[in-house]
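# Curious how this folds, go ahead:
(one chain, ligands or ions: 2)
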Amino acid sequence: MINLLGLNKQQLSQWVVEQGEKPFRAQQLLRWIHQFGADQFDGMTDIAKSFRAKLATTAHIAPPALMTELASVDGTYKWLLDVGALNGIETVFIPEDDRGTLCISSQVGCALECTFCSTGRQGFNRNLSTAEIIGQLWWANQRLSQEQARIGGVELAAQQDRRIVTNVVMMGMGEPLANYDNVVAALRLMLDDHAYGLSRRRVTLSTSGLVPAMDRLREDCPVALAVSLHASNDTLRDEIVPINKKYPLRELMAACQRYLEKAPRDFVTFEYVMLDGVNDAVRHADEIIALTRNVPCKFNLIPFNPFPNSGYNRSSSDNIRRFKQRLMDAGLIVTVRKTRGDDIDAACGQLAGQVQDKTKRQERRVVEIKPYENS
Ligand code: SAH
Ligand code: SF4
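Ligands and ions are numbered 1, 2, ... in the order given. Below you'll find the predicted structure:
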């Protein structure tokens, strides 16, 4: 059985033709699956009955199963999806006045070991398939439209655009560029007018800085880019974002500049987690100003979200304010990320899911962790 959920237009056209059908059937299938949320073939009324019967024996539409749903008092949702072998991944929906943002996972765990990240601490199990990545958007639209129907009445929901998610950020569990092919295939479905029809500006990929893959993405599917900077010099970044040893800051800044030649927005967003006593001093702000001088950018400061035994503390609001002001005085545009879904542990860096660690990192961590004292 082939899972049609993970096939993009080109792959679906090819498959449909192999079944002896006209290629335009692929567009119809895409619409049914992604716009109307179909997971059965019976209701696909504009597709011939004979083909529907054949589809039912050769293919299926199989999103990952929903294990848990948590709803925050602030309207944020967190879903845990079953991706088999006791693994679960998390997806978060954050409603705001003018948009609805879905935060999507790309891997079960993460291999990159950033020291302040709960996903990184859990080790790595495997890459998600394209179906499992796009399945998160599929589920969110299903659940949110059901919820809308419950609140607003069935007719109202039917009249409204069913696509409630207006923005996607690849900022959940995992490093999206370390699962390049499956992530790009999923991005293409997000952008496809017959599927989710999101504009490239409304889809953001966040990376810890895999430079060669950033260059590939610029050519293959340049969506908006966020880069996890988190440190102002190589010594500190080597320690807290270890991939920096492979792709140091100078190379990362150059890659950002190259990316902007094709990007849908004229700036890169730098994410910067605020860790008390680690990276939040005024001298760090000054280093950042010098470092990013030639890269059009905006800064998003993320107050550290604690998790058990992290060894870190969140910077004080005074420190965050001072840091922000210093950057702004140098002409940078800076926002401080609001923590949403606090009551359901849905904030950045708290997505833990259920990771059966293949790297056995948790065991190694016992000797590796350097506790940061809060002096
Ligand atoms: N792997 C990608 C995307 C996922 S993480 C990346 O690293 O960019 C999304 C953002 O949350 C990243 O900027 C990440 O560094 C940040 N983050 C991780 N742990 C955090 C924590 N405990 N508190 C606040 N932000 C965190
Ligand atoms: Fe992986 Fe991103 Fe967490 Fe680093 S911050 S460990 S790259 S998920």
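
# Spit out the contact partners of Val334.
Residues near Val334 by CB atoms under 8 Å, 6 or more residues apart in numbering: 298-301, 324, 327-328. (Glycine included, C-beta is placed from N, CA and C.)

# can you rerun that using 7 Å?
With contact taken as CB atoms under 7 Å, 6 or more residues apart in numbering, Val334 is in contact with 299, 301, 324, 327-328.

# same check, this time on Met170
Residues in contact with Met170 (CB under 7 Å, 6+ apart) are 104, 106, 176, 183, 204-206.

# Can you report phi and psi for the residue in the stretch 51-200 of the chain positioned nearest to ligand 2?
At 2.5 Å from ligand 2, Gly120 is the closest residue in the stretch 51-200 of the chain, using CB to the nearest ligand atom. The phi and psi values for Gly120, taken as degrees, to the nearest 10, are phi -60, psi -30.

# Spatially nearest residue to it, not counting backbone neighbours?
Spatially, and ignoring its direct neighbours in sequence, Gly120 is nearest to Cys114 (4.5 Å; CB to CB, 6 or more residues apart in numbering).

# Work out for me the element the one you found sits within.
Counting by DSSP states H and E, no helix or strand carries Cys114.

# next structured bit after the helix or strand containing Thr235?
In the assignment (DSSP H and E), Thr235 maps to helix 234-240. Next helix or strand after helix 234-240 toward the C-terminus (DSSP H and E): helix 249-260.

# next SSE after that following helix?
Note on helix 249-260: by DSSP H and E, the next helix or strand toward the C-terminus is strand 268-274.

# Report the mean per-residue pLDDT for that next one.
Across strand 268-274, pLDDT averages out at 98.

# circling back: closest to Met190 among the contacts of Met170?
Met190 lies nearest to Ile104 out of the contacts of Met170, by CB to CB, at 9.1 Å.

# tell me the contacts of the closest one?
Contacts of Ile104 (CB under 7 Å, 6+ apart): 91, 133, 136-137, 168, 170, 172.

# got CSV for these, with pLDDT too?
Below are the contacts of Ile104 laid out as CSV (pLDDT from 0 to 100):
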residue, pLDDT
Thr91, 94
Ile133, 98
Gln136, 97
Leu137, 97
Val168, 98
Met170, 97
Gly172, 94
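
# mind putting those in CSV, secondary structure and distance to ligand 1 included?
Converted to CSV, the contacts of Ile104 look like this (DSSP: H, G, I helix; E, B strand; the rest coil; distance: CB to the nearest ligand atom, whole Å):
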residue, secondary structure, distance to ligand 1
Thr91, strand, 13
Ile133, helix, 13
Gln136, helix, 14
Leu137, helix, 16
Val168, strand, 13
Met170, strand, 7
Gly172, coil, 6
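
# Do I have it right that Thr130 meets Leu187?
No. The pair Thr130 / Leu187 is not scored as a contact, 9.7 Å apart, by CB atoms under 7 Å.

# how about Ser105, phi and psi?
Ser105 adopts backbone torsions of phi -90, psi 150, taken as degrees, to the nearest 10.

# Looking at per-residue confidence, what score does it get?
Per the predicted model, pLDDT is 95 at Ser105.

# coming back round to it: neighbour-wise, which of the contacts of Ile104 leads?
Ile133 (32 neighbours; other CB atoms under 10 Å).

# I'd guessed it sits against Val183; true?
Yes. Using CB under 7 Å, Ile133 is in contact with Val183, at 6.4 Å.

# Can you pull the residues that touch both of these two?
Ser106.

# Burial check on the residue lying closest to Gly172 once chain neighbours are set aside, number of neighbours?
Closest residue in space to Gly172, ignoring its immediate chain neighbours: Ser105 at 3.4 Å, by CB to CB, 6+ apart. For Ser105, the neighbour count with other CB under 10 Å is 28.

# mind listing what Ser105 touches?
Taking CB under 7 Å, 6+ apart, we find Ser105 in contact with 89-91, 128, 136, 172-174, 351.

# Of the residues you listed, which ones also sit close to ligand 2?
Gly174 (CB under 6 Å from any ligand atom).

# Closest one of the contacts of Ser105 to Gln35?
Looking across the contacts of Ser105 and measuring by CB to CB, the closest to Gln35 is Gln136, at 16.2 Å.

# Check the gap between that closest one and Lys262 for me.
26 Å (CB to CB, to the nearest Å).

# Check whether Val203 really touches Met190, as I assumed.
Yes. The pair formed by Val203 and Met190 meets the contact definition of CB under 7 Å, at 5.4 Å.

# Need the overlap of contacts for these two.
Contacts common to Val203 and Met190, judged by CB under 7 Å, 6+ apart, are Val168.

# Between these two, which is the more surrounded one?
Remark: of Val203 and Met190, Met190 carries more neighbours, 25 against 21, as counted by other CB under 10 Å.

# show me the contacts for Thr166.
Under the criterion of CB under 7 Å, 6+ apart, the neighbours of Thr166 are 99-100, 202.

# who wins for most neighbours among those residues?
Neighbour max across the contacts of Thr166 (other CB under 10 Å) = Arg202, 20 neighbours.
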